[in-house]
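Participant: Below is the sequence, then the predicted model.
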Amino acid sequence: PALFGGLTALKELDLGSNQLTSLDPTLFSGLTALEELGLANNQLTSLDPATFGGLTALQELLLESNQLMMLDPAVIGGLTALQTLSLGYNQLTSLDPVLFGGLTALRVLFLGSNQLTSLDSALFGGLTALQG
């Protein structure tokens, strides 16, 4: 059974400021009510595309201050309720032009303090809810 398997009503989960280097793709399976997930200040270098797959209610995802070098669009593509995404203070060098394509509810996006050298003009095209 998944570590958090029986916690179907859980709304917030903070695993920040630990020493996590990887996440089992099924770790968050069954957390269908989860709205906020904190994974900041760990040592994550990559994320499996299935990691956040069932988190359809997720509104806030904090991934800042890790060591992410790239992010597959499939990792966050299904998070259609996501309103806040924090990816600052990682090692991201580039972002796939379709990375934020399905995130139509996204209002807040943090990308500061990475290693980005260029941004595709289509990257933010579908983010109509972003607030300045």
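Facilitator: Perfect, thanks for sending it.
Participant: Which stretches in the chain count as helices?
Facilitator: Under the criterion DSSP state H, the chain contains helices at 73-76.
Participant: Show me what the most centrally placed residue in it bridges to in the sheet.
Facilitator: Most central residue of the chain, judged by C-alpha distance to the mean C-alpha position with C-alpha atoms, centre = their mean, is Leu61 at 4.9 Å. The residues listed as beta-bridge partners of Leu61 by DSSP bridges are Leu37, Leu85.
Participant: Would you confirm that it contacts Leu47?
Facilitator: No. Leu61 is beyond contact range of Leu47, at 10.5 Å (criterion: C-beta atoms under 8 Å). C-beta coordinates here come from the backbone N, C-alpha and C atoms, glycine included.
Participant: Go ahead and confirm Gly126 touches Leu99.
Facilitator: No. Taking C-beta under 8 Å as the definition, Gly126 is not a contact partner of Leu99, at 10.3 Å.
Participant: Of those two, give the one with the bigger neighbour count.
Facilitator: Here Gly126 and Leu99 are set side by side on neighbour count (other C-beta atoms under 10 Å), and the busier one is Leu99, at 24 against 15.
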